[in-house]
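> no sequence on hand, only this structure:
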């Protein structure tokens, strides 16, 4: 299975702290994407990192990709209560059978 | 507001009913998707349409029937569903080129409950 697996499943931090979430996958990819979902709502795209990239930044977000370890991390710096949500990684598998495959997500709770 | 709308937002139906979910995208994308999201399970891709042509049917039971009349509209027709089909159904759209999947824009979802 190409499915990404996020770790940890749940994370609780205080406002101002950094949050790190990890994603592991099994086969070669074209790109890896991170999404955010507020409870019961649609997913919102955060950032896309291609297989030939190692790091990308977007505001308070930093994503790394290690294709040799088939893993990625999402770092949210200086977290805010509004960052409370579920975060998913999605992998675009390389090859003719490619499709965007989502993991089970990390539930982040940021408390005041 | 992502530019992808879904109606209805909530739907309760009996197992013998027939209903349809509607999705519309205002982004000029060429690909549209139906996903199923159940509790404690990964997001499941159901169908992919690329330029109105169905390019993927991810082993979805025939009680789910998609329709894509044009590149902006996508329907999911439902009939004789089972209680285990209760879930959040998400529509998404994107630019799809070659074999690479770009960022997807999701609608707010339809929360479906099958009694």
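Thanks, I have the structure now. Please read all numbers here as calculations on a predicted model, not as lab measurements.
> when you work out contacts or count neighbours from here on, use the C-alpha atoms and nothing else.
OK.
> what are the boundaries of the helices in chain A?
Here chain A has no helices by DSSP state H.
> quick one: name the residues of it near chain B.
A:30-31, A:33, A:40-45, A:48, A:92, A:94-96, A:98-105 (Cα under 8 Å from any Cα of the partner chain).
> got any ranges where chain B has weak pLDDT?
For chain B, the stretches with pLDDT under 70 are B:99.
> so residue B:30 is in contact with residue B:71, correct?
Yes. With contact defined as Cα atoms under 8 Å, residue B:30 counts as touching residue B:71 (5.9 Å).
> could you name every residue contacting both of these two?
B:50-52 (Cα atoms under 8 Å, 6 or more residues apart in numbering or on different chains).
> top of those residues by neighbour count?
residue B:50 (20 neighbours; other Cα atoms under 10 Å in any protein chain shown).
> residues contacting it?
Neighbours of residue B:50 in contact, by Cα under 8 Å, 6+ apart: B:30-32, B:71, B:96.
> in the sheet, who's paired with it?
residue B:31, residue B:53 (DSSP bridges).
> repeat that for residue A:49.
Beta-bridge partners, per DSSP bridges, of residue A:49: residue A:32.
> hang on, it packs against residue A:32?
Yes. Residue A:49 is within contact range of residue A:32, at 5.4 Å (criterion: Cα under 8 Å).
> next, count neighbours for the nearest residue to residue A:77 once chain neighbours are set aside.
Spatial nearest neighbour of residue A:77, excluding adjacent residues (Cα to Cα, 6 or more residues apart in numbering or on different chains): residue A:18 at 4.5 Å. Neighbour count of residue A:18, defined by other Cα under 10 Å: 15.
> do you know how far residue A:18 is from residue A:94?
32 Å (Cα to Cα, to the nearest Å).
> for chain B, which residues are neighbours of chain A?
Counting by Cα under 8 Å from any Cα, the residues of chain B lying close to chain A are B:2, B:40-45, B:88, B:90, B:99-101, B:103-109.
> give me the ChimeraX select line for those residues, limited to the buried ones.
A single ChimeraX command is used to select the members of the residues of chain B next to chain A judged buried by 16 or more other Cα atoms under 10 Å in any protein chain shown:
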select /B:2,42,43,44,45,88,90,100,101,103,104,105,106,107,108,109
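> one step back: between residue A:49 and residue A:32, which one's more packed in?
With neighbours defined as other Cα under 10 Å, residue A:49 and residue A:32 compare such that residue A:32 has more, 29 against 20.
> done for today, thanks.
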